[in-house]
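Visitor: Need the 3D shape of this:
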Amino acid sequence: MKLHQTLLASATLLACLAAQAQTVSITPSLSNVNLGDTFSVDVAATGFPDKIFGGGYNLAFDPAILQLDAVTIPASWEFATSTGLLDPVAGTVSDVFFNTFVAPIKGDFLTATLKFTAVGSGTSAISLSESGAFPFGNEFGNPVAVTYVNGSVNVAAVPEPSSLALLLAGVACMGLVSSRRRT
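Guide: I've put the predicted structure just below:
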């Protein structure tokens, strides 16, 4: 009886680990950019053992630091797609989704590319969460459990050229005053 319980527990653990192997993540997971830069990150799916007909998710970011300029879904998702409903004030995008009937995909694949502009300095998470309206689904129409992995962006403040010129002029004046005092 004890061996049977151990085998059952091991099988349950392996099943749980297999279900968690399917991830959707922001890549790169960490981006370092400067204020004013435009940059892109991908929303990549990895480890899907079954063919996937489509899915969806929600996005969130700090709108004081990042501005979402575009969501681009690859053409391989030909049946029905949506770049979601953007709320730029809240920093959210609801129900980004994509579907195919021609060529279901398994393994690793791209779901979208996000283009941002850095509008404030600091660190912003780019968070993914499950879409209640558009769950990931396999070729048999069954929902597929997905683990979402967030990313983050560090935006460094870069001095504006006029501020830098003013700083250099001040240093030059201090040098001139200092040299006149010596003579």
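Visitor: residue nearest the centroid of the chain?
Guide: residue 26 (3.5 Å; Cα atoms, centre = their mean).
Visitor: ok, it - contacts?
Guide: Going by Cβ atoms under 8 Å, 6 or more residues apart in numbering, residue 26 touches 41-43, 126, 128, 149-151. (Glycine included, C-beta is placed from N, CA and C.)
Visitor: repeat for residue 51
Guide: 104-106, 138-139.
Visitor: Now restrict these to buried residues only.
Guide: Using 16 or more other Cβ atoms under 10 Å as the burial test, those include 104-105, 138 as buried.
Visitor: hang on, the earlier thing: with respect to residue 21, which of the contacts of residue 51 is nearest?
Guide: Of all those, residue 106 has the smallest distance to residue 21: 12.4 Å, by Cβ to Cβ.
Visitor: Quick check: buried residues in the top strand by length along the chain?
Guide: Longest strand in the chain, counting residues (DSSP state E): strand 38-60. For strand 38-60, the buried set under the neighbour-count rule, 16+ other Cβ under 10 Å, comprises 39, 41-45, 48, 50, 52-60.
Visitor: Show me where the protein has its strands.
Guide: So, for the chain - with DSSP E - the strands run 23-27, 30-34, 38-60, 66-72, 80-82, 85-87, 92-99, 105-118, 122-130, 137-138, 147-149, 151-156.
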